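S.K.: Let me see the structure of the following:
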Amino acid sequence: MSEALRAEHCGSCSSTKPGLPVSEAPRAGHCGSCSSVPNRTPRPGSRRPPAPVASAAMRLQVAAGGPAALKVVAAAEFAAAPVRLCWSAPAEQPLSPLCSPWVPALQLDSGAVLFSPNAICQYLFLAGGQEPTDLTNQWLEWEATELQPVVAAALYAQLVHGKKGLEAAGHLGKLLAYIEQSLSGRGTAYLAGDTQSVADVVVWGALFPVLQDEASLSNELQALRTWFQTMTLSEACRKAANSVLMPKGLLEFKSYLQKQPPPCLAMERATSNEPEEEEASERVLTEEEITAAADAWARGAAALPKPWHPQKPVLPVEGMRNVLITSALPYVNNVPHLGNIIGCVLSADTFARYCRLRNWNTLYVCGTDEYGTATETKAVEEGLTPREICDKYNAIHADIYRWFHISFDYFGRTTTPHQTTIAQDIFQRLLARGFLLQDTVEQLQCEGCQRFLADRFVEGICPFCGYEEARGDQCDKCGKLINAVELKRPQCKLCRGIPVVKPTQHLFLDLPKLEEQLEPWLEHSWSTGDWTANARYITRSWIRDGLKPRCITRDLKWGTPVPLDGYRDKVFYVWFDAPIGYLSITANYTDQWERWWKNPQQVELYNFMAKDNVPFHSVIFPCSLLGADDNYTLVNHLIATEYLNYEDGKFSKSRGVGVFGDMAKDTGIPADIWRFYLLYLRPEGQDSAFSWSDLMLKNNSELLNNLGNFINRAGMFVCKFFGGVVPDMVLTMDDKRLLARVTLELRQYHQLLEKVRIRDALRCILSISRHGNQYIQVNEPWKRIKGNEEDRQRAGTVTGVAVNMASLLAVMVQPYMPSVSQAIQGQLCIPPECFVLSHIFTCTLPPGHRVGTVSPLFQKLENDQIEALRKRFGGGQPEDLTVVCQAKPTPPAPVPAPASGPVVAPGDPQLIQELTEQVAKQGNHVRQLKANKAEKAEVDAEVAKLLELKKQLALAEGKSPEVLVPKGKRKK
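M.R.: Okay, the predicted model is just below:
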């Protein structure tokens, strides 16, 4: 770097080190009046403060040898930030009493001190003119909460225990794999894009002291190796490593660590889909815990609460915990894939089932989101009316969810009179209270179609990331919300024509005016409710960037009409209208819907969704209800998942990649196995991926060999050795210890599910069955039953305790695998009054209880079966048409050219565009014929023409010309 370097002599240190470059006045985003900036997002409602004037008076105090200094020194070099580098001894007086030894601190011109390394790095990059993005902020949060604790433990093992390289970092592998997956999945050179950012510096700075060079990384981590090598060889990182990791400093840091206790890896489990051993289950039990567990056991089923059976319809009850659960309304225009199912309905169903087992008065509602552009687009594609599309796909969705055992109290839809009434009422109340604005907006109009184009009728290049297939409302690659006019090279999806920009009048929700109500509500909801970390983060990002008026109307026909003169030819935008569907669906369930939705004093509301839906549920919908000022129930707990990917990529209906809801039941794998595996890898803290090999492994190991094996053995011992009757039990101290360990797991299960950590709670179930298998294996009742009286008594005790553990597991597993739970209940003849969850493990199957016929609960998945399924769902299934499967595969015959046109040449862009226009035109023609109730023969003839055009289009796009059958006419 060519800029002049400044140097400072430290008052307590005899050395003088060169400082860092002084640059021109930067843009920055730190408020100089703060006393400190911890590594967190600004509070809701706050605006980014004006940039402070950069000054060479900023002092960066670091201790040589301290690993945390590495990232901040590298950040200062990268950003060419105007700081004076001051090297200090660890024992020296810190810049702030809040600063810890060996942790760097940055003193600003105002005297304020930053003492979070990540906050310092972010500030230095801001000072260098680089604004943070959502992605860089997510990486910083991940580094601080997930990576840093593991790295700290690895450094301790390396410096204090003398372990080398990855031997010291046994738990680092999964985190490295996550970085590898992120780099390779995004296809970028760096963590947050194609250029270096603060995220790269912070993550590299954490890893380098442990790894030192890329040679210690596995060859399988190719993207990570390349990234790590690039960072390590960069001038800024090389300078930082040479200056910070000095031998003398490292010795002092080692001496400091030797006086500290080993770091605790409390965050480890949240980073992995794999089960981890529970520390709580391995700790030494106290006598009080053992005695309490034995006492609870002795009280028997009488100690359990009586199961609650609410009247229908379910309504709030005074004095009870009333839980209202919604899952994001699935779009009606397509079939949900496994990621959609786990992200919304299955997660919500698992929690709803748990709530009912806790005797909480619970209502779970959902339905299809049927208005909007997506429906109109699908209707055009299929040659149907929007109403016909909604009827068709609502039935498909309902059938899929029934097969997956989703226990809705009511599954409805948004195209109802109640939706119109409630949405228009909220609109009128917002209008009367001055929370709506009128404005002229520039919108794309297709002159060929003679209509303004709604967002989803437009595709183009994303203005933010350059993705070439961005929609007119949102980019699927970078996740940014887009105005359609911002797209580069836009195209009409209907005719592939180039639209023009024209003005049109629309209505806007005045979010800036509502922000003063939103902010205190958010603060209260966050402090009293359970919001997932990503939901809080995404909401803070919206607030931090400043709320802007949000358009709530669209130039469409299919939607809730706007009841205002001058706008009656428009409808409500789907993201104003759709969340109101929760209310209208409940109104279709019961005319007393307001007892749920206008009763925040008695009702707790849980919203389940994937992370892309968060802003609409945490900002826009609450603002609508707050502005309406009608005592609406607002969300208390917002539960958002990350994304579930498929194998090494994404689900794609058009490419036939991945398992979609209507296909799962044709695999021969029971619904409960799908439920178990999806919940086992539920993307709670980060994205996860469905894997056929892993599905087979988890089924065969966790279900068949662990859970199923234990429950089957416990029941079989009762039948085989004791005539189907639970024997007498004489508990020893070892038995009582087991009861206490099971109780600990049960309480952990409750703690996790109460926080909606569904995936982690499943591990408690599997841990109990592992304890049970070990208990049986150690005591060997099949041998003791052949011994003397004492041995036979011991065999009876072990069998009785084991079958009662199986009875407990039947209840605990019910939210996850309801059919398996029901099967266990039937086999063991568990009394219905025992099917309730409490915090104690008690004897529900006492001596003398007779069990039924016991049979295996799970079947082994074979490798050949799984490989066939992997191939079947690996691509090549055409969208929205069913391939006719033949008993014996035959070579595909050449497809003749249609009589009316030339031979189709794959890949010809002009031909593809012409055929796309013809398909759209013919689809409209078929739809018009159906609307006019034309003769069936005439309709069938035009449908045949449509199918022929679609076949030509498929060939032009290079797709396989399989025999295709119209939708709704599947061959048996």
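
S.K.: Are we agreed that residue 541 is in a helix?
M.R.: Yes - in this structure, residue 541 lies within a helix as judged by DSSP: H, G, I helix; E, B strand; the rest coil.

S.K.: Residue 136 versus that one, what's the distance?
M.R.: 11 Å (C-beta to C-beta, to the nearest Å). For every residue, glycine as well, the C-beta is placed using N, CA and C.

S.K.: Between those two, tell me which one has more neighbours.
M.R.: The residue with more neighbours, out of residue 541 and residue 136 and counting by other C-beta atoms under 10 Å, is residue 136; that gives 21 against 18.

S.K.: wouldn't that one be in contact with residue 190 here?
M.R.: No - counting by C-beta atoms under 8 Å, residue 136 stays clear of residue 190, with 10.0 Å between them.

S.K.: shared neighbours, those two?
M.R.: Here residue 136 and residue 190 share the contacting residues 197, 199, scored by C-beta atoms under 8 Å, 6 or more residues apart in numbering.

S.K.: What is the neighbour count of residue 834?
M.R.: Residue 834 has 18 nearby residues by other C-beta under 10 Å.

S.K.: so where do the helices sit in the stretch 1-150 of the chain?
M.R.: Secondary structure of the stretch 1-150 of the chain (DSSP state H, counting those that start in this stretch): helices located at 68-79, 117-127, 134-142, 148-159.

S.K.: Just list the residues touching residue 238, thanks.
M.R.: By C-beta under 8 Å, 6+ apart, residue 238 lies in contact with residue 232.

S.K.: Then residue 397?
M.R.: The contact partners of residue 397, by C-beta under 8 Å, 6+ apart, come to 330, 332, 335, 336, 368, 411, 661.

S.K.: Tell me the spacing between the residue of the chain most remote from its centre and residue 360.
M.R.: Distance from the C-alpha centroid of the chain peaks at residue 788, with 56.3 Å (C-alpha atoms, centre = their mean). Distance of residue 788 to residue 360, given as C-beta to C-beta: 50 Å.

S.K.: same thing with residue 545?
M.R.: Computed with C-beta to C-beta, the distance linking residue 545 and residue 360 is 37 Å.

S.K.: Neighbour count for these two, which is higher?
M.R.: The residue with more neighbours, out of residue 545 and residue 360 and counting by other C-beta under 10 Å, is residue 360; that gives 16 against 11.

S.K.: correct me, but the more buried one touches residue 320?
M.R.: Yes - assessed by C-beta under 8 Å, residue 360 is found in contact with residue 320 at 7.2 Å.

S.K.: shared neighbours of those two, anything?
M.R.: For the pair residue 360 and residue 320, residues contacting each of them under the criterion C-beta under 8 Å, 6+ apart are residue 308.

S.K.: ok, then the element right after the helix or strand hosting residue 770?
M.R.: Using DSSP states H and E, the secondary-structure element containing residue 770 is helix 758-779. Scanning forward in sequence from helix 758-779, with DSSP H and E defining helices and strands, the next element found is helix 781-784.

S.K.: Tell me the first helix or strand C-terminal of that following helix.
M.R.: Per DSSP H and E, the first helix or strand lying C-terminal to helix 781-784 is helix 789-812.

S.K.: Only the buried residues of stretch 146-163, if you could.
M.R.: Of the residues in stretch 146-163, those buried by neighbour count under the rule 16 or more other C-beta atoms under 10 Å are 146-160.

S.K.: Closest to residue 230 out of those residues?
M.R.: Lowest distance from residue 230 to the buried residues of stretch 146-163 (C-beta to C-beta) belongs to residue 147, with 18.7 Å.

S.K.: isn't the closest one right next to residue 175, touching?
M.R.: Yes - under the criterion of C-beta under 8 Å, residue 147 is in contact with residue 175, at a separation of 5.5 Å.

S.K.: Mind jotting down where the helices sit in the stretch 151-300 of the chain?
M.R.: Using DSSP H, counting those that start in this stretch, the helices of the stretch 151-300 of the chain run over 173-186, 198-211, 222-233, 235-244, 247-258, 279-282, 287-299.

S.K.: now, of the ones you listed, which is deepest in the fold?
M.R.: Using mean count of other C-beta atoms under 10 Å, the stretch among the helices of the stretch 151-300 of the chain with the greatest mean number of neighbours is helix 198-211 (a mean of 26).

S.K.: what's the closest non-adjacent residue to residue 405?
M.R.: Residue nearest to residue 405 in three dimensions, not counting chain neighbours: residue 818, with 5.0 Å by C-beta to C-beta, 6 or more residues apart in numbering.

S.K.: how far away is the one you found from residue 346?
M.R.: Taken as C-beta to C-beta, the spacing of residue 818 relative to residue 346 amounts to 12 Å.

S.K.: same question, residue 155
M.R.: Applying C-beta to C-beta, one obtains 40 Å for the distance of residue 155 from residue 346.

S.K.: same question, residue 464
M.R.: Taken as C-beta to C-beta, the spacing of residue 464 relative to residue 346 amounts to 32 Å.

S.K.: Quick check on the two: which one has the bigger neighbour count.
M.R.: residue 346 (25 against 16).

S.K.: Isn't that one up against residue 677?
M.R.: No - contact status for residue 346 versus residue 677: not in contact, 10.9 Å apart, counting by C-beta under 8 Å.

S.K.: give me the number of residues near the nearest residue to residue 761 once chain neighbours are set aside?
M.R.: Nearest residue to residue 761, sequence neighbours excluded (C-beta to C-beta, 6+ apart): residue 752, at 3.9 Å. Using other C-beta under 10 Å, residue 752 has 17 other residues around it.

S.K.: Surely residue 752 and residue 746 touch.
M.R.: No - under the criterion of C-beta under 8 Å, residue 752 lies out of contact with residue 746, with a separation of 11.0 Å.

S.K.: Need the residues touching each of those two.
M.R.: residue 764.

S.K.: for stretch 297-314, which positions count as buried?
M.R.: Along stretch 297-314, these residues count as buried under the neighbour rule (16+ other C-beta under 10 Å): 297, 301, 304, 310, 313, 314.

S.K.: do the same with stretch 584-600
M.R.: Using 16+ other C-beta under 10 Å, the residues of stretch 584-600 that count as buried are 584-590, 593-597, 599.

S.K.: any low-confidence regions in the stretch 651-800 of the chain?
M.R.: Counting by pLDDT under 70, the stretch 651-800 of the chain contains low-confidence residues at 653-654, 656.

S.K.: how about the strands of the stretch 551-700 of the chain, start to end?
M.R.: Listed in chain order, the strands found in the stretch 551-700 of the chain under DSSP state E, counting those that start in this stretch are 553-554, 571-572, 603-610, 637-641, 644-646, 688-690.

S.K.: hang on, isn't residue 753 packed against residue 354?
M.R.: Yes - under the criterion of C-beta under 8 Å, residue 753 makes contact with residue 354 at 5.1 Å.

S.K.: Need the overlap of contacts for these two.
M.R.: Common contact partners of residue 753 and residue 354 (C-beta under 8 Å, 6+ apart): residue 815.

S.K.: show me what contacts residue 775?
M.R.: By C-beta under 8 Å, 6+ apart, residue 775 lies in contact with 738, 798, 801, 802.

S.K.: so, if you compare those residues, which one comes nearest to residue 457?
M.R.: Closest approach to residue 457 among the contacts of residue 775 (C-beta to C-beta): residue 802, at 61.8 Å.
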